[in-house]
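Colleague: The amino acid sequence is not available; the structure is as follows:
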């Protein structure tokens, strides 16, 4: 059983904005500290940023306009807490407490993600898709498309069961890290993936656990505490490097936010 939402879902718009802000921070500093929360909907976008990088309103407006087509942006920026900053002062140490899981991607997750990407190429609007256990139900909810358009696919699917709909942030709200099930499948635990730098375990350890599970073909469980220098028997610096290489490979934090770990 699995749900996938596409990059134009309001929650994913929020994730993508948060990711683009983190990308901006990495252009300003080699190892920035940044945490972003985004809430958007109905023509307004609210953003809070805690960061070692100074953000100005004019830095954020083009990002929000490009991703969500919203002009009104409310921004709160504060410097990172000095105690958290000191945690990383001399060595690369774990940036947060957490319990993390990595789970091998299932056939259902892979197939539904591939289907969602295929539909999104043709219809780049708010959409969500569900397949239940053993594919007993396959549900397509795609906005701004007549349900009859999907008949040509020859699929046994329930299409827009509520009827045709508009979707998007003009009729719905979005918030960061609200669609972790879509991004992580059965690996969801506590921390959110999006809007944070690589020192945060929510990002780096989640990525590391996911990659390790795909490599070994077995579930992975990891716990860590803020300040740890070793996580899963490895220097935390190595885990951050593995996560950094993954983010670079897929094109940055905004691209990461589009489809999450299940790509």
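Modeller: Everything's here; your move. If you're wondering where the values come from, they're calculated on a predicted model, not measured in any experiment.
Colleague: so what's residue 52 up against?
Modeller: 25, 29, 32-34, 79-80, 85 (Cβ atoms under 8 Å, 6 or more residues apart in numbering). For the C-beta atoms, the positions are set from N, CA and C on the backbone; glycine is no exception.
Colleague: I meant residue 187, not that one.
Modeller: If you count contacts by Cβ under 8 Å, 6+ apart, residue 187 has them with 100-103, 206, 209-210, 213, 261.
Colleague: Also residue 174?
Modeller: In this structure, residue 174 makes contact with 9-14, 38-41, judged by Cβ under 8 Å, 6+ apart.
Colleague: show me the contacts for residue 145.
Modeller: Residue 145 makes contact with 123, 125, 160, 164 under the criterion Cβ under 8 Å, 6+ apart.
Colleague: what about residue 234, how many neighbours?
Modeller: Applying other Cβ atoms under 10 Å, we find 12 residues neighbouring residue 234.
Colleague: again, but for residue 185
Modeller: There are 26 residues near residue 185, going by other Cβ under 10 Å.
Colleague: That one contacts residue 106, doesn't it?
Modeller: Yes. The pair residue 185 / residue 106 is scored as a contact, 7.2 Å apart, by Cβ atoms under 8 Å.
Colleague: So, low pLDDT: which residues of the stretch 51-200 of the chain?
Modeller: Residues of the stretch 51-200 of the chain that meet the criterion pLDDT under 70 lie in 87, 134-135, 151-155.
Colleague: What segments of the stretch 101-250 of the chain are strands?
Modeller: Listed in chain order, the strands found in the stretch 101-250 of the chain under DSSP state E, counting those that start in this stretch are 127-131, 138-142, 158-159, 173-175, 220-224, 230-231, 234-235.
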